[in-house]
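Q: after the sequence you'll find the predicted model.
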Amino acid sequence: MSIQTTTASAADLPKQKRIVAIDVVRGIALLAMASYHFTWDLEFFGYTDPGLTAFGWWKFYARCIASTFLFLVGVSLYLAHGQQIRWNGFWKRFAMVAGAAIAISVVTRIATPDGFIFFGILHEIALASLLGLAFLRLPALLTLVVAALVIAAPLYLRFEALDHPWLWWVGLSAINPRSNDYVPLFPWFGAVLLGIAAAKLATTSGIRERLARLVPGRWSNPLLFIGRHSLAFYLIHQPLLIGSVWLFSQVMPAQVDTPQVNFLKTCQRSCEQMRNATFCSSYCGCMLDTLQSEGSLDRLYNNDQTADFKAHVSDLAGMCTDKTDDKMTEGGVQ
C-alpha cells in the first residue's frame, strides 16, 4: 500500500498538543544510555574487567535502552507524520540525524579503527525513519506482524552472501562484525515498527489524548530539556565522559593485565551465562592453553572472521567442553 499524500498543507492540519510524557521517557533513556557509556569507558580504560558490558545484565541493559530509543522513534514518526507527511520537517530532521551518523563514523574510524561505528544507533534511526514512512498508513495489526518478523529474522536467517562489509548494515550476515555500536536493520527496525503500531493504537483508543493532558511536576524539567534536545545530548555526552575518564587515567592509570589474563576474564564471564563457575574455570583454562600452544591467541584478539578460523575455534570449544565435562564427571562434580 502506498503512503497517502494529500494536497493539504501542514498548516491546514490541526495542531496536536505535545505529549510531554514522551520527552520524559526519552530523557530517562538518555540518562540510562549515559550510565552505560560511562561503564563502557571505564572498561575501555581498564578500570573494570574486560567484557563487563558485553554480557549478562549490562548487555540486557544496553538492549533495553536501544529498544526504548527506537520504539520512541516509531512513536514520534507517527505522531508527527501520521495524518500527513510534513516533508520539510522530515527532511530537516533526517539530514541532522544522518549527518551526525556520518560524523560519528568518521571520528570513530580515526579514534578506534578496530571497532569504529559504521552502522550504529543514529544510522539505524535515519534509515528506520525513512523506511517507517511506508508503514504510517498501514493497519496497526499488519505493522505488528511485520515487526515480529523483522525481530525474529536474525534468529533464523543468516546468509554468507551478506558477509561483505558493505552489507553488514542489514544484520543478516553469517558473521558478527566488530563495532563499538552495531545496530543493524534486522532486528532493530522491528522496535521502530512497534512504536508506529503503538502510536496508531493509542490514537484510535483515546490513550494519546489522555497522555497529552498529563502535566508532570517541576521535577521533570531536566528530563524534558534533555528529551527535547536528544541529538545534542547524544553527540556531547560521550566525548565529555570519555574525556573525563581519560584525564583521570593520566593521574591514576588502571592496572594493565596481560592478554592471557584478559582472555580468561572475558571467557569466564561469557561462559558463566550458561555453565557454573567451576566448569568455566576449567574450560577457559583449556581454551587458553590450546590457543597459546598453537600460536593462535593473537588471531582471536584481532577478531579473525575467516570461515576456517571460526570453524577451528568452534572445534576447539567443542573439544574443551568435552574434556571439561569428562574431568568433572570423573571428579564427581556435576
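A: Cool, the structure landed. Numbers count the residues shown, from 1 in each chain.

Q: any idea which helix or strand comes after the least confident helix or strand in the chain by mean pLDDT?
A: Ranking every helix and strand in the chain by mean pLDDT, DSSP states H and E puts helix 297-301 at the bottom, with a mean of 82. As assigned by DSSP states H and E, the chain's next helix or strand after helix 297-301 is helix 307-330.

Q: by contact count, what packs against that next one?
A: Identification of packing neighbours for helix 307-330 by 3 or more C-beta pairs under 8 Å, 6 or more residues apart in numbering; DSSP states H and E yields helix 277-293. Using the backbone N, CA and C atoms, a C-beta is placed for each residue, glycine as well.

Q: CA atoms only for the helix it packs on, dumped as PDB, please.
A: Output of helix 277-293 as PDB, limited to C-alpha atoms (Å, rounded to 0.1, in the frame of the first residue of the first chain):
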ATOM      1  CA  ALA A 277      31.900 -21.200  37.600                       C
ATOM      2  CA  THR A 278      33.800 -24.400  38.300                       C
ATOM      3  CA  PHE A 279      33.200 -25.700  34.800                       C
ATOM      4  CA  CYS A 280      34.000 -22.300  33.200                       C
ATOM      5  CA  SER A 281      37.300 -22.000  35.100                       C
ATOM      6  CA  SER A 282      38.500 -25.400  33.700                       C
ATOM      7  CA  TYR A 283      37.000 -24.800  30.200                       C
ATOM      8  CA  CYS A 284      38.600 -21.400  29.800                       C
ATOM      9  CA  GLY A 285      42.000 -22.700  31.000                       C
ATOM     10  CA  CYS A 286      41.800 -25.400  28.400                       C
ATOM     11  CA  MET A 287      40.900 -22.900  25.600                       C
ATOM     12  CA  LEU A 288      43.800 -20.600  26.600                       C
ATOM     13  CA  ASP A 289      46.300 -23.400  26.800                       C
ATOM     14  CA  THR A 290      45.300 -24.700  23.400                       C
ATOM     15  CA  LEU A 291      45.200 -21.300  21.700                       C
ATOM     16  CA  GLN A 292      48.700 -20.400  23.100                       C
ATOM     17  CA  SER A 293      50.200 -23.800  22.200                       C
END
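
Q: can you tell me the average pLDDT over that helix?
A: In this model, helix 277-293 has an average pLDDT of 90.

Q: stretch 56-69 too?
A: Computed over stretch 56-69, the mean pLDDT rounds to 95.

Q: pull the residues that contact that stretch.
A: Defining contact as C-beta atoms under 8 Å, 6 or more residues apart in numbering, one finds that stretch 56-69 is touched by 25-26, 29, 32-33, 36, 39, 52-53, 121, 125, 183, 188, 191, 269, 273.

Q: now the helices: where do they sit in the protein?
A: Applying DSSP state H to the chain gives helices spanning 20-44, 56-81, 87-111, 121-132, 140-156, 185-205, 207-212, 221-228, 230-251, 259-271, 277-293, 297-301, 307-330.

Q: these: lowest mean pLDDT?
A: When I compare the helices of the chain, helix 297-301 is least confident, with a mean of 82.

Q: related to what we said a few turns ago, out of the helices of the chain, which is closest to residue 163?
A: helix 307-330 (8.9 Å; C-beta to C-beta).

Q: contacting residues around the closest residue to residue 287 other than its chain neighbours?
A: Distance criterion C-beta to C-beta, 6 or more residues apart in numbering; nearest residue to residue 287, sequence neighbours excluded, is residue 320 at 5.2 Å. Residue 320 sits next to 283, 286-287, 290 when contact means C-beta under 8 Å, 6+ apart.

Q: what's the distance between the closest residue to residue 279 other than its chain neighbours and residue 82?
A: Of all residues not flanking residue 279 in the chain, residue 324 sits nearest, at 5.8 Å (C-beta to C-beta, 6+ apart). Residue 324 is 56 Å from residue 82, where distance means C-beta to C-beta, to the nearest Å.
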